[in-house]
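**Student:** Okay, predicted coordinates and the sequence, questions at the end:
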Amino acid sequence: GIRMSLIKELKDPDQLYSTLKNILQQVKVISLLLTCFKNYIYEIKRLIRNMYCTPQSHQNAWPFMEPVKKNEAPGYYQVIRFPMDLKTMSERLKSRYYTTRKLFMADMQRIFTNCREYNPPESEYYKCANLLEKFFYTKIKEAGLID
Ligand SMILES: COc1cccc2onc(N)c12
């Protein structure tokens, strides 16, 4: 029926691979754009702060592109049991680890839930996670990979 035609069951491993590769690449682009925008806003705020010469706070980072570094997040690896990031996902994709869409979605979802677990709701990272998650599910639906 309509539902089955909506959910394109991707039987062919290569088709799944290229679909997932495409989605992961687009999520990475949005993640970078989000961070560029965040950095842009950060620079504007920094310039304003410097006008009032208050010291700037912490270094900005690409929140989801690479594993969280210990020095960026005190106690992160005590709190977060299963860290995940987009670079690790690219390595897993390349090694053909993602043989089903569920494996892929579980890792991507982990990035967002880890971020929301560790960071306060009003933090930049938390907000980025929500934005990126919305974008991700839009892409998954467009690809007919919905559950
Ligand atoms: C650079 O990313 C971070 C830096 C510091 C804390 C973090 O929580 N979740 C993150 N992605 C994160």
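**Tutor:** Yep, that arrived. Residues are numbered from 1 along each chain as shown.

**Student:** going forward, measure contacts between C-alpha atoms and count neighbours the same way
**Tutor:** Fine.

**Student:** Spell out which parts of the chain neighbour the ligand.
**Tutor:** Within the chain, the positions lying close to the ligand (Cα under 6 Å from any ligand atom) are 61-64, 68, 72-73, 115, 118-119.

**Student:** Number of residues surrounding residue 136?
**Tutor:** Counted with other Cα atoms under 10 Å, residues neighbouring residue 136 total 21.

**Student:** Next, the contact list for the closest residue to residue 64 other than its chain neighbours, please.
**Tutor:** Excluding the flanking residues, the one nearest residue 64 by Cα to Cα, 6 or more residues apart in numbering is residue 85, at 5.3 Å. When contacts are counted by Cα atoms under 8 Å, 6 or more residues apart in numbering, residue 85 touches 64-67, 108, 111.

**Student:** and residue 85, backbone torsions?
**Tutor:** Backbone torsions of residue 85, given as degrees, to the nearest 10, read phi -150, psi 170.

**Student:** again, but for residue 123
**Tutor:** Dihedral angles for residue 123 - degrees, to the nearest 10 - are phi -80, psi 160.

**Student:** Likewise for the one 4 residues further on?
**Tutor:** Residue 127 has phi and psi values of phi -70, psi -40 when expressed as degrees, to the nearest 10.

**Student:** Measure how buried it is and give me the count.
**Tutor:** Neighbours of residue 127 under the rule other Cα under 10 Å: 16.

**Student:** Likewise for residue 19?
**Tutor:** Quick note: residue 19 (other Cα under 10 Å) scores 19 neighbours.

**Student:** Would you quantify the distance from the residue lying closest to it once chain neighbours are set aside to the ligand?
**Tutor:** In space, and not counting its chain neighbours, residue 19 is closest to residue 143: 7.1 Å by Cα to Cα, 6+ apart. Distance of residue 143 to the ligand, given as Cα to the nearest ligand atom, to the nearest Å: 26 Å.

**Student:** confidence score at residue 143?
**Tutor:** Residue 143 is assigned a predicted lDDT (pLDDT) of 92.

**Student:** now the contacts of residue 85 in a markdown table, with pLDDT, secondary structure and neighbour count?
**Tutor:** Shown next, in a markdown table, are the contacts of residue 85 (pLDDT from 0 to 100; DSSP: H, G, I helix; E, B strand; the rest coil; neighbours: other Cα atoms under 10 Å):
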| residue | pLDDT | secondary structure | neighbour count |
| --- | --- | --- | --- |
| 64 | 91 | coil | 22 |
| 65 | 90 | coil | 20 |
| 66 | 92 | coil | 14 |
| 67 | 95 | coil | 15 |
| 108 | 96 | helix | 19 |
| 111 | 96 | helix | 22 |
